[in-house]
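1. return atomic coordinates for the entry below.
(one chain, ligands or ions: 1)
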Amino acid sequence: PKLIVVTRDGTEHEAEIAGGQSVMEAIRHAGFDELQAVCGGGLSCATCHVHVDEAYFGRFDAPNQDEADLLEWSENSTACSRLSCQLPFSDAVSGLKVTIASED
Ligand code: FES
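-> Numbering: from 1, shown residues only. Below you'll find the model as predicted:
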């Protein structure tokens, strides 16, 4: 599936990445290590924070309580914020556009 990543400098990058992994892993495998994902998907760091394009936001299950709590503490949260380690990347969301959130 296709993934579009907007990096912190505002540049849009398009990549074709294997599905069956999290959006966080897909972003990192595409080479964008400014998405730190310090805890490796353990839902404890919030450094995998992204803003999901509106057109795709509703295609993911709602965040669980732990994710919602972490997002609440993140300074740059918006209505489209998610922790990318909690989002499955697959053909169902091909074309997904995510913006890497600024660091708090
Ligand atoms: Fe740490 Fe997602 S990688 S919360």
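2. when you work out contacts or count neighbours from here on, use the C-alpha atoms and nothing else.
-> Will do.
3. which residue is nearest the centroid of the chain?
-> Per C-alpha atoms, centre = their mean, the C-alpha nearest to the average position across the chain is that of residue 84, at 3.0 Å.
4. once you drop chain neighbours, what's closest to it?
-> Nearest residue to residue 84, sequence neighbours excluded (C-alpha to C-alpha, 6 or more residues apart in numbering): residue 24, at 4.7 Å.
5. and residue 7, what does it touch?
-> Under the criterion of C-alpha atoms under 8 Å, 6 or more residues apart in numbering, the neighbours of residue 7 are 13, 32, 34, 99, 100.
6. circling back: does anything pack onto the helix or strand harbouring the residue nearest to residue 84? Which helices or strands?
-> Using DSSP states H and E, residue 24 falls within helix 23-29. Packed against helix 23-29, as judged by 3 or more C-alpha pairs under 8 Å, 6 or more residues apart in numbering; DSSP states H and E, are the following elements: strand 88-89.
7. the strand it packs on and the ligand in contact?
-> No - Strand 88-89 is not in contact with the ligand by C-alpha under 6 Å from any ligand atom; minimum separation 12.1 Å.
8. alpha carbons only: can I get the helix or strand just after that strand in PDB?
-> Per DSSP H and E, strand 88-89 leads on to strand 96-100 as the next helix or strand towards the C-terminus. The C-alpha coordinates for strand 96-100 follow below in PDB (Å, rounded to 0.1, in the frame of the first residue of the first chain):
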ATOM      1  CA  LEU A  96      -3.000   7.200   3.900                       C
ATOM      2  CA  LYS A  97      -1.500  10.600   4.600                       C
ATOM      3  CA  VAL A  98       0.000  11.300   8.000                       C
ATOM      4  CA  THR A  99       1.900  14.300   9.300                       C
ATOM      5  CA  ILE A 100       4.600  13.700  11.900                       C
END
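9. given strand 96-100, what are its sheet partners and their directions?
-> According to DSSP bridges, strand 96-100 forms sheet pairs with strand 2-6 (parallel), strand 49-52 (antiparallel).
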